[in-house]
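Engineer: Next come a sequence and a model predicted from it.
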Amino acid sequence: MRKVILALIILMFIVSTVHGEKIGVLPDLMRPGSIEVTKDRLYAVEGAAFYVYSLKDLHLITKFGKEGEGPGELKVVPIFPNSVRVVNNNIITEGFSKLLFFSKGFKLLKELKKKGMIFQIIPVGENFVGTKFSPTGKNKNLKLSLLLINAKMDVIKELCTQEIKKKDKEIIMVVDSLHFSVYKDKIYIEKSDKGFLIEILDSNGNKLYEIKKSFPLQEVTGKYKEEIMEHLKMDSLIQMVSKTVGGWENFKKKSSFNCPEAFPHIQDIIVTNDKIYISTYERKENKEKYIIMDLNGNLVGTPYLQVPRKAPYSVRVLGLDNRLFGIANNKYYYLYENEDEEEWELHAEEIK
């Protein structure tokens, strides 16, 4: 009997180590695009539908949102998935062509129509900040621009740019996109194309200070390359293009795959709870290394957290923050797809 109990304890430890603590099951979700986690709620996005759960017991509080182009509706564009953010007690849903603002009681307050290809529009002070995508050059390189925008969605000024250069028919396997985070009316921009560098701006786009560190780069190994190729193969946009040339194998033959020797210094940035959370590409088994700092750049910790299910390749190229994980209550929450049971589960790990 003691051996059975010991075996169960060991099994529970292994499961919690591999997948963290299981909070519960989310039976309503089929193909979630992203989640947002707050102190007491979990928001999940699926197409134009938004599910709101109690974080404590995953009780479904409400479901709202409708596909369409009318008032209070959002279009569904696969390459530009819809998203949700909670800012200053308002719930902001973002679609391809507009933003919808809801109260915490889910009453529609207002709509803002976008002007141009600008996404990830987040309030900062009396303004907004967002990312614009535009092709440049004969090879159609992608230019990412971070813009300061007013309440009428007019551009006030460009805060920074980053260009993704490529040759004709070239697929960049590891893309160093532009990521940013807004916290307490400050803009935190990671500039990993220049090393481990973070710039902090005020709500008017004026530079306050920067954080610069020296960390070794992570090598892109053969195992990583295989994983990246699998992500490319499963990407909806690449699948669409592959069909026009006779399938994935023909697409591979007709394309040139560019893979760097090392990953960028920074994979993603989240600023919350008075801390800066930087995810890197360094791994130990199925966990990724995080570099956690206070708001002045002082090192707080370097935990390894569960590798989450990644957003589609085309979404990550554009630097969109459609994450299937979130940080709140000093915990790392993430969605786990239980393929055996065909259901989505919410798991959590203490950040130590």
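Structural biologist: Great, that's in hand.
Engineer: what sits opposite the closest residue in space to residue 91 that isn't next to it in sequence in the beta ladder?
Structural biologist: Nearest non-adjacent residue to residue 91, counting by C-beta to C-beta, 6 or more residues apart in numbering: residue 102, 4.2 Å away. Backbone N, C-alpha and C define where each C-beta goes, glycine included. Note on residue 102: beta-bridge partners by DSSP bridges are residue 91, residue 108.
Engineer: measure residue 102 to residue 326 for me?
Structural biologist: Noted for residue 102: a distance of 19 Å to residue 326, by C-beta to C-beta, to the nearest Å.
Engineer: What of residue 78?
Structural biologist: Residue 78 is 22 Å from residue 326, by C-beta to C-beta.
Engineer: Give me the more crowded residue out of those two.
Structural biologist: Neighbour count, other C-beta atoms under 10 Å: between residue 78 and residue 326, residue 326 has more, with 22 against 13.
Engineer: Identify the residues contacting the more buried one.
Structural biologist: Contact analysis of residue 326 by C-beta atoms under 8 Å, 6 or more residues apart in numbering lists 35, 36, 37, 42, 332, 333, 334.
Engineer: Return, as residue ranges, the portions of the protein with sub-threshold pLDDT.
Structural biologist: Under the criterion pLDDT under 70, the flagged ranges of the chain are 1-19, 137-140.
Engineer: Tell me where it has helices.
Structural biologist: 2-19, 222-234, 236-244, 248-254, 313-317 (DSSP state H).
Engineer: Could you double-check that residue 135 lies in contact with residue 163?
Structural biologist: No. Residue 135 is not in contact with residue 163 according to C-beta atoms under 8 Å; the separation is 10.4 Å.
Engineer: shared neighbours, these two?
Structural biologist: 141, 142, 143.
Engineer: Please report which of the residues you listed has the highest neighbour count.
Structural biologist: Going by other C-beta under 10 Å, residue 142 tops the shared contacts of residue 135 and residue 163 with 21 neighbours.
Engineer: so it makes contact with residue 161?
Structural biologist: No. With contacts counted by C-beta under 8 Å, residue 142 stays clear of residue 161, the gap being 10.8 Å.
Engineer: Okay, and the beta partners of residue 183?
Structural biologist: Residue 183 has these beta-bridge partners by DSSP bridges: residue 186.
Engineer: again, but for residue 258
Structural biologist: Using DSSP bridges, the beta-bridge partners of residue 258 come out as residue 172.
Engineer: and if you look at the one 4 residues further on?
Structural biologist: Here residue 262 shows beta-bridge partners residue 219, assigned using DSSP bridges.
Engineer: ok, it - contacts?
Structural biologist: Neighbouring residues of residue 262 by C-beta under 8 Å, 6+ apart: 217, 218, 219, 220.
Engineer: Tell me how far it lies from residue 219.
Structural biologist: Distance of residue 262 to residue 219, given as C-beta to C-beta: 6 Å.
Engineer: do the same with residue 161
Structural biologist: Taken as C-beta to C-beta, the span from residue 161 to residue 219 is 28 Å.
Engineer: now do residue 230
Structural biologist: Using C-beta to C-beta, residue 230 is found at 19 Å from residue 219.
Engineer: Nearest residue to residue 207 in space, please, no chain neighbours.
Structural biologist: Per C-beta to C-beta, 6+ apart, closest to residue 207 is residue 201, 5.6 Å.
Engineer: Hmm, the one you found is touching residue 160, no?
Structural biologist: No. Checked against C-beta under 8 Å, the pair residue 201 and residue 160 is beyond contact range at 9.0 Å.
Engineer: For these two, list the residues in contact with both.
Structural biologist: Taking C-beta under 8 Å, 6+ apart as the contact rule, residue 201 and residue 160 both touch residue 189.
Engineer: So which of the two has more stuff around it?
Structural biologist: Using other C-beta under 10 Å as the criterion, residue 201 and residue 160 rank with residue 201 on top: 23 against 17.
Engineer: Tell me the bridge partners for that one.
Structural biologist: Where residue 201 sits in a bridge, its partners, by DSSP bridges, are residue 187, residue 207.
Engineer: What of residue 197?
Structural biologist: Counting by DSSP bridges, residue 197 is bridged to residue 212.
Engineer: sorry, back to before: who touches the residue nearest to residue 91 in this structure?
Structural biologist: Going by C-beta under 8 Å, 6+ apart, residue 102 touches 64, 90, 91, 92, 93, 108, 109.
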